[in-house]
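Undergrad: No letters, just coordinates:
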């Protein structure tokens, strides 16, 4: 059974940085894409970033482009999200997801999800 576990969330002031990690276990296959999503308070879950298995293809939401960087270390089964220049609008629960079948920007495409980690950016 595949399990994803996020970590690295917390409270940070605007302008600060955080790095989220997502450790996967239980995979029997490789070659799948992975992504990060977030759910702001009172809003629906939204796409943040995605990457191919090799890391050679990455995609970002316009709202985070230039500030966030997605990466992965397949040897460690770990997905990362480096978040710089954080703003209060980045506040939310951040989820990692794996193995999309369909658009990498759509929540419904992903087969596996973590439980989420809270990120709060104060002004």
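TA: Noted; the coordinates are in hand. All figures in this text were calculated on a predicted structure; none of them were measured in a lab.
Undergrad: tell me the centre residue of this structure?
TA: Central residue of the chain (Cα atoms, centre = their mean): residue 36, 2.2 Å from the mean position.
Undergrad: Just the buried residues of the helix or strand hosting it, please?
TA: Residue 36 belongs to strand 34-39 when assigned by DSSP states H and E. Of all the residues in strand 34-39, those buried under the rule 16 or more other Cβ atoms under 10 Å are 34, 35, 36, 37, 38. C-beta: built from backbone N, CA, C; applies to glycine.
Undergrad: and which of these is nearest residue 28?
TA: Within those, the smallest distance to residue 28 is 16.0 Å, found for residue 34 (Cβ to Cβ).
Undergrad: And the strands in this protein?
TA: 3-7, 10-13, 18-25, 34-39, 46-51, 58-60, 68-73, 78-83, 92-100, 110-113, 117-122 (DSSP state E).
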